[in-house]
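Q: Give me a 3D structure for the following:
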Amino acid sequence: YAEHLVATTSGRRPLGIWPTCHAAYSRLVDRKYAVPDPEDDWFHGRVGPDNTPREEAFVAAIERICDKERIDTIFPTSDPWVYVFSKNKKRFEAMGITIPIPDFDVVKRPLDKYDTVQAAIEAGFPHPETHLATDDHAVLRAARSLPAPWVVKLRFTNGGRGMSYVWDADELIDVTRRLREKHGAPIVQEFIPGIEGLSFYTVIDKSGRLISCLTPKNARSQPSRPSHSGRNAFITAPRHPFGDK
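A: Residues are numbered from 1 along each chain as shown. I've put the predicted structure just below:
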């Protein structure tokens, strides 16, 4: 239904060659703009209701594009961008621009991996035992509570960046200490064996009513490097037992 489609690019090109933000190069895109990437502050745990200087530069660049191209709808396409737009929704609404994402106080729960687990606890939803690695003592308590291997994750990340599996308690202290210095306190989680990996794609309305819940199943993967496989084919699957829950 779009009469005029504008896409943005950001970040450095891997190896200086491959373009990031591949959708921006689609033949269906009328124009593309490079914008400052706000992701670094989110990735390093600098999260809050107010814009950082980096985020403000990003928002200002988007505002200029919207004004020039007469944009009336924005679809953020990554977690850190959803986060930044969520706390600037009213600013864009004042320009007559719709951004179909929840408000900041709603968005911050599922984008914070530790807070997501707290929400699961409150809702009675199955979850791995999770500890916040605020200091070395908290890490040792986690190591005593959980069998190895321990899963270490950043609270704010995507694509598995910063995640590791650790078998030795001394190494666990070292890994969490280094992450804490750069990204804030990471989490230490229980390792859940098995190969099943599921995502639940839900759509709700403004009143919280569930519109749909889909559980696509990975049909084919293309290994791109030893530690990562790109999923490139999905099929719709019957509702998983956790879907209703």
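
Q: how long is stretch 81-98 from one end to the other?
A: End-to-end span of stretch 81-98 (CA to CA, to the nearest Å): 15 Å.

Q: which other residues reach that stretch?
A: Contacts with stretch 81-98, where a contact means CB atoms under 8 Å, 6 or more residues apart in numbering, come from 38-39, 42, 47, 49-51, 55, 58-59, 63, 66-67, 71-74, 76, 99, 101-104, 106-108, 111. For every residue, glycine as well, the C-beta is placed using N, CA and C.

Q: And the residues you listed, which of them are buried?
A: Applying 16 or more other CB atoms under 10 Å to the contacts of stretch 81-98, the neighbour count classes 38-39, 42, 47, 51, 55, 58-59, 63, 66, 71, 74, 76, 99, 101, 104, 107-108, 111 as buried.

Q: Quick check: nearest residue in space to Val106, chain neighbours excluded?
A: Leaving aside its chain neighbours, Val106 sits nearest to Ser86 (7.8 Å; criterion: CB to CB, 6 or more residues apart in numbering).

Q: can you check Ala119 too?
A: Arg109 (5.4 Å).

Q: so what's that neighbour up against?
A: Arg109 neighbours (CB under 8 Å, 6+ apart): Asp115, Thr116, Ala119.

Q: Please state the offset of the host helix or strand of the last one from the chain centre?
A: Ala119 belongs to helix 113-123 when assigned by DSSP states H and E. Taking the mean of its C-alpha atoms, helix 113-123 sits 15 Å from the chain's own mean (CA atoms, centre = their mean, to the nearest Å).

Q: Find the helix or strand that Phe234 is a member of.
A: Counting by DSSP H and E, Phe234 is part of strand 228-235.

Q: what's the following helix or strand after that strand?
A: helix 241-244.

Q: tell me the mean pLDDT for that following helix?
A: In this model, helix 241-244 carries a mean pLDDT of 78.

Q: quick one: Pro100 and Val203 touch, right?
A: No - Pro100 is beyond contact range of Val203, at 9.9 Å (criterion: CB atoms under 8 Å).

Q: tell me which helix or strand of the chain sits lowest on mean pLDDT?
A: When the helices and strands of the chain are scored by mean pLDDT, DSSP states H and E, strand 228-235 comes last with a mean of 60.

Q: Check the spacing between the residue positioned nearest the centre of the chain and Thr116 real quick.
A: Against the mean C-alpha coordinate of the chain, by CA atoms, centre = their mean, the closest residue is Asp79 at 3.6 Å. Distance, Asp79 to Thr116, using CB to CB, to the nearest Å: 12 Å.

Q: Likewise for Gly96?
A: 33 Å.

Q: which of these two has more neighbours?
A: Thr116 (17 against 10; other CB atoms under 10 Å).

Q: Convert stretch 168-188 to PDB, retaining C-alpha atoms only.
A: What follows is stretch 168-188 as a C-alpha-only set of coordinates in PDB (Å, rounded to 0.1, in the frame of the first residue of the first chain):
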ATOM      1  CA  ASP A 168      35.100 -23.600  34.700                       C
ATOM      2  CA  ALA A 169      34.100 -21.400  37.700                       C
ATOM      3  CA  ASP A 170      37.300 -19.300  37.600                       C
ATOM      4  CA  GLU A 171      36.700 -18.600  33.900                       C
ATOM      5  CA  LEU A 172      33.100 -17.700  34.700                       C
ATOM      6  CA  ILE A 173      34.200 -15.000  37.000                       C
ATOM      7  CA  ASP A 174      36.700 -13.700  34.500                       C
ATOM      8  CA  VAL A 175      34.200 -13.700  31.600                       C
ATOM      9  CA  THR A 176      31.400 -11.900  33.600                       C
ATOM     10  CA  ARG A 177      33.900  -9.400  35.000                       C
ATOM     11  CA  ARG A 178      35.100  -8.400  31.500                       C
ATOM     12  CA  LEU A 179      31.500  -8.100  30.200                       C
ATOM     13  CA  ARG A 180      30.400  -6.100  33.300                       C
ATOM     14  CA  GLU A 181      33.200  -3.500  32.700                       C
ATOM     15  CA  LYS A 182      31.900  -2.800  29.100                       C
ATOM     16  CA  HIS A 183      28.200  -3.700  29.100                       C
ATOM     17  CA  GLY A 184      26.900  -3.600  32.600                       C
ATOM     18  CA  ALA A 185      26.000  -6.700  34.600                       C
ATOM     19  CA  PRO A 186      25.400  -9.800  32.300                       C
ATOM     20  CA  ILE A 187      23.200 -12.700  33.300                       C
ATOM     21  CA  VAL A 188      24.300 -16.300  34.100                       C
END
